[in-house]
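Student: what would the 3D arrangement of this be:
(chains A and B)
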Amino acid sequence: MASVQSEELLVPASVKIVVAGGFGVGKTTLVGAVSEITPLRTEELLTEAGTEIDDLAGVEGKNTTTVALDFGRITINPEVVLYLFGTPGQDRFWFMWDELAYGAIGAVVLVDTRRLDGGFGAIDFFERRGIPFVVAVNCFENSYSYTEDEVRHALDVTDNVPLVMCDARDRESCKTVLARVIEHAMSKLDHAVA
Amino acid sequence: MSPRSSDWWYDEAAGPLVRPYALVSGRTRPTWGRLNLATQVRAIRTSSDTSSLSVEHLEIIRLCRKPLSVAEVAAYLHAPLVVAKVLLSDLIQRGDVITSDASRMAVAPDMNLLQKVLDGVRAI
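Tutor: Residues are numbered from 1 along each chain as shown, chains lettered A, B, ... in the order given. Modelled structure (predicted):
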């Protein structure tokens, strides 16, 4: 029906890029550098009883854990909005990643050369699900700079995965990182079609 | 203090003054299942009777006069995601809120959409 269609057009399409990486690596800084809004925080509540229950009656005494997600927004045009979601830093919240990754264009795995191991879990997650991702090395001041080859070797990622040096505080640098994710997703899509 | 003010429900030091699941009568699952974090929702003008709606429902309708994602609604409402989803699904079923067609948020965005996003990111 015409009226329903015109109303649907009032609702933009949304796309997502997931920003993953270890605790304190600068995910929210990166999101904030490019977002048109100050990064927002949303929380999900978890109980020990898990998510398999319909009713919380009787679980008042169980521990409740809060998982925080920080995210930003870039309005591409009136029809498309891009969201950038930072993953929860703690590994025990993996189950949240499935919802985060669902429908995502791709992902950034932000790493810090002082603690490269913070990126392993994320790389493994995106590789196994075939989600296009780039590795972005956040070049902190005073951090020893490694060559691209050294970082690749340490993280065990092949040349098929783009690797980019960045400064998570710098808007232009972060724009480049996002552009690499989208370009990488496009090249993977191109291969899939061909 | 106006009960319509969202501040009434939230205190910086103490957090929510009402237990989150009290807002949704203990429901932990949305009745309308296709809401993702990034799903866009928007309130539309209807002549529906709003007398049975809660303060939070009305706040969502006010927030969604312009399109927002589910995650933004939750953040502005100071409510956990699941609570925002339950409240939104109430409003979607009543017809007060519409959502982007799930098929428009494809599992694999197409080339045309990706090119638009790339151009948009470069232009900011």
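Student: for burial, what's the neighbour tally of A:K16?
Tutor: Neighbour count for A:K16, taken as other C-beta atoms under 10 Å in any protein chain shown: 26. From N, CA and C alone the C-beta is placed, and that goes for glycine too.
Student: closest point of chain B to chain A, which residue?
Tutor: Of all residues in chain B, the one sitting closest to chain A is B:G120 (3.3 Å; C-beta to the nearest C-beta).
Student: please enumerate the helices of chain A.
Tutor: A:2-9, A:27-34, A:95-101, A:120-129, A:148-155, A:171-193 (DSSP state H).
Student: just to revisit the earlier point, so the residue of chain B closest to chain A touches A:V80, yeah?
Tutor: Yes. The pair formed by B:G120 and A:V80 meets the contact definition of C-beta atoms under 8 Å, at 7.0 Å.
Student: other SSEs contacting the lengthiest strand in chain A?
Tutor: The strand that spans the most residues within chain A, counting by DSSP state E, is strand A:64-77. If you count contacts as 3 or more C-beta pairs under 8 Å, 6 or more residues apart in numbering or on different chains; DSSP states H and E, strand A:64-77 packs onto helix A:27-34, strand A:40-47, strand A:80-86, helix A:95-101, helix B:70-77, helix B:111-123.
Student: circling back to that earlier point, who are the contact partners of the residue of chain B closest to chain A?
Tutor: With contacts defined as C-beta atoms under 8 Å, 6 or more residues apart in numbering or on different chains, B:G120 is in contact with A:I74, A:I76, A:N77, A:V80, A:L82.
Student: OK, contacts around the second one?
Tutor: The one in question is A:I76. A:I76 makes contacts with A:V15, A:L82, B:K116, B:V117, B:D119, B:G120, B:V121, as judged by C-beta under 8 Å, 6+ apart.
Student: and of the residues you listed, the nearest to A:V134?
Tutor: Within the set of these, B:V121 lies nearest A:V134; the separation is 13.3 Å, counting by C-beta to C-beta.
Student: of the helices and strands packed on strand A:64-77, which shows the lowest average pLDDT?
Tutor: Of all those, mean pLDDT reaches its minimum on strand A:40-47 (a mean of 80).
Student: between it and helix B:70-77, how big is the angle?
Tutor: Between the axes of strand A:40-47 and helix B:70-77, defined by axes from the mean of the first three to the mean of the last three C-alpha atoms, to 10 degrees, the angle is 90 degrees.
Student: before we move on, back to that, give me the buried subset of the contacts of A:I76.
Tutor: In terms of neighbour count (16 or more other C-beta atoms under 10 Å in any protein chain shown), the buried residues within those are A:V15, A:L82, B:K116, B:V117, B:G120, B:V121.
Student: need those in TSV (columns: distance to B:S89).
Tutor: Rendered in TSV, the data for those read as follows (distance: C-beta to C-beta, whole Å):
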residue	distance to B:S89
A:V15	23
A:L82	25
B:K116	29
B:V117	28
B:G120	30
B:V121	32
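Student: ok, the nearest residue to A:D159 once chain neighbours are set aside - contacts?
Tutor: What sits nearest to A:D159 in space, not counting adjacent residues and going by C-beta to C-beta, 6 or more residues apart in numbering or on different chains, is A:R152, at 7.6 Å. Going by C-beta under 8 Å, 6+ apart, A:R152 touches A:T158, A:D159, A:L163.
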